[in-house]
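**Student:** predicted model and sequence below, questions to follow.
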Amino acid sequence: MKRRDLSQDELTQVIRLKQAGTSWVKIQKETGINRRTAKRAYEEWEHSQSRNELKAVRKDVAAEEFRKHLQCLIKLAQSLVNALGIPGPDEMLSGKEVLLSLWRSDIAGEYGAYGLPDVGGRFQGPEIHLRQNQMLFESLKDHTREKRWDALNEWECSWDKCIRIFGKLRKEAHKVVENILDQEEKGLLDRIEEGNKRKDPIAWMTKAMFIKIREGILDDKLDPESPIVENVARGDGTIQVRPVGIANVSLNFTDISIAEKVAGICNWAAKNLYKRDTFKKLADEVKTTQRKIEELQEMLNPLTLVPQILSTRCGLCPV
């Protein structure tokens, strides 16, 4: 016997009667539709409703998981931008090590392990974070495949060059300060050490100079004629020798003449360094590093990054 399919009106009538508690025999009498046909059509309709409800649930779950995925990528991008910088004169980590330290940190936070709860710490720890962040970074690059990610490698190379040049210039600065001290009065270094109770004051003097030299390069406000180390009288009667405007890096003396000599030597040495090729190379490399950071900041700006993620797919996208 050929199977009979109900029209939409007939199906609607059967659904209404059945949901009102009508028996299949009575439905047959009221509609003229064979009870077996009516029952089969009703059960198919009921099954289709379950599938539609499941699709709706899955759609809601996928939307929530994509929101978490988006938040993870935005946090990763901003953490990366914040981690980039210009090395200081005493920096020991290479660019690769700076990035590795970032990837080992808990960037995803509440969105970690792709939204899964942390059960017994299984999704915590540097190695777990490293793997997850590396996966998210590949995902971020997939979503921004048209961007110039070479800028990150170039930043890393420039960071390492800055460290090498800083090291070379620091050695030159140490030598310059030593030479100036040799030209000053005999025993001045001993008087400086005794007056401040600090060993190796030359190391402090070069550090004080480099703090302001680095700051001046970054701000593009380095004036060779302006002092970078100053003397400031304190309320307890001592004289503080410090980088201009920076109070937490200082030598303190009771003898103002020694304080003046220390500041004078630092400023004299700095003027000498400004004329050297090593300093010029450092200034150029710092500017290069800054440009790479600015390029990555522009590339990972949330205002442009969010639309890119929404319009592209990666291997971790839930929808």
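**Tutor:** Arrived safely, thanks for sending.
**Student:** near residue 139, how many other residues are there?
**Tutor:** For residue 139, the neighbour count with other CB atoms under 10 Å is 20. Placement of C-beta: from N, CA and C, glycine included.
**Student:** i'd like the first residue to be 212 from this point on
**Tutor:** Renumbered: residue one is now 212, and that last one reads residue 350.
**Student:** residues in contact with it?
**Tutor:** Contact analysis of residue 350 by CB atoms under 8 Å, 6 or more residues apart in numbering lists 280, 284, 525, 526, 527, 528.
**Student:** that one and residue 363, how far apart?
**Tutor:** Distance, residue 350 to residue 363, by CB to CB, to the nearest Å: 15 Å.
**Student:** quick one: what helix or strand has the residue most central in space within the chain in it?
**Tutor:** Residue closest to the mean C-alpha point of the chain, counted by CA atoms, centre = their mean, is residue 290 at 1.8 Å. Here residue 290 sits within helix 246-294, counting by DSSP states H and E.
**Student:** quick check: mean pLDDT across that helix?
**Tutor:** For helix 246-294, mean pLDDT rounds to 82.
**Student:** could you point out which element follows that helix?
**Tutor:** In N-to-C order, the element after helix 246-294 by DSSP H and E is helix 306-314.
**Student:** can you give the distance of that next one from its chain's centre?
**Tutor:** Helix 306-314 sits 10 Å away from the centroid of its parent chain (CA atoms, centre = their mean, to the nearest Å).
**Student:** doesn't residue 442 lie inside a strand?
**Tutor:** Yes. Checked against DSSP: H, G, I helix; E, B strand; the rest coil, residue 442 lies within a strand.
**Student:** hmm, residue 450 and it touching each other?
**Tutor:** Yes. Residue 442 lies in contact with residue 450 (CB atoms under 8 Å); the separation is 5.4 Å.
**Student:** and for the two, which residues touch both?
**Tutor:** The contact sets of residue 442 and residue 450 overlap at 467, 470 (CB under 8 Å, 6+ apart).
**Student:** these two: which is more packed in?
**Tutor:** More crowded of residue 442 and residue 450, by other CB under 10 Å: residue 450, with 22 against 16.
**Student:** ok, what's across the strand from the more buried one?
**Tutor:** Following DSSP bridges, residue 450 is listed with bridge partners residue 444, residue 464.
**Student:** what residues does it make contact with?
**Tutor:** Contacts of residue 450 by CB under 8 Å, 6+ apart are 442, 443, 444, 463, 464, 465, 466, 467, 470.
**Student:** between those, which has the most around it?
**Tutor:** Counting neighbours by other CB under 10 Å, residue 470 leads the contacts of residue 450 with 24 neighbours.
**Student:** distance from the chain centre to the helix or strand where that residue lies, please.
**Tutor:** In this structure, residue 470 sits in helix 467-485 according to DSSP H and E. Distance of helix 467-485 from the chain centroid (CA atoms, centre = their mean) equals 38 Å.
**Student:** may I see the buried residues of it?
**Tutor:** 469-470, 472-474, 476-478, 480-481, 483-485 (16 or more other CB atoms under 10 Å).
**Student:** quick one, whichever strand or helix holds residue 386 and helix 306-314 angle?
**Tutor:** Per DSSP H and E: residue 386 is located in helix 361-394. Interaxial angle of helix 361-394 relative to helix 306-314 (axes from the mean of the first three to the mean of the last three CA atoms, to 10 degrees): 120 degrees.
**Student:** just want the angle from helix 361-394 to helix 246-294.
**Tutor:** 20 degrees.
**Student:** and the average pLDDT for the helix or strand that helix 361-394 is followed by is what?
**Tutor:** On the C-terminal side of helix 361-394, the nearest following helix or strand under DSSP H and E is helix 399-407. If you average the pLDDT over helix 399-407, you get 79.
**Student:** and what of stretch 346-353?
**Tutor:** The average pLDDT for stretch 346-353 rounds to 92.
**Student:** and that stretch, how far from the chain's centre?
**Tutor:** 14 Å.
**Student:** over to stretch 286-302?
**Tutor:** In terms of CA atoms, centre = their mean, the centre of stretch 286-302 is set 6 Å apart from its chain centre.
**Student:** and for residue 389, the neighbour number?
**Tutor:** By other CB under 10 Å, the residues close to residue 389 number 13.
**Student:** secondary structure element holding the closest residue to it other than its chain neighbours?
**Tutor:** Excluding the flanking residues, the one nearest residue 389 by CB to CB, 6 or more residues apart in numbering is residue 413, at 6.5 Å. Residue 413 belongs to helix 412-430 when assigned by DSSP H and E.
**Student:** with that, I have no additional questions.
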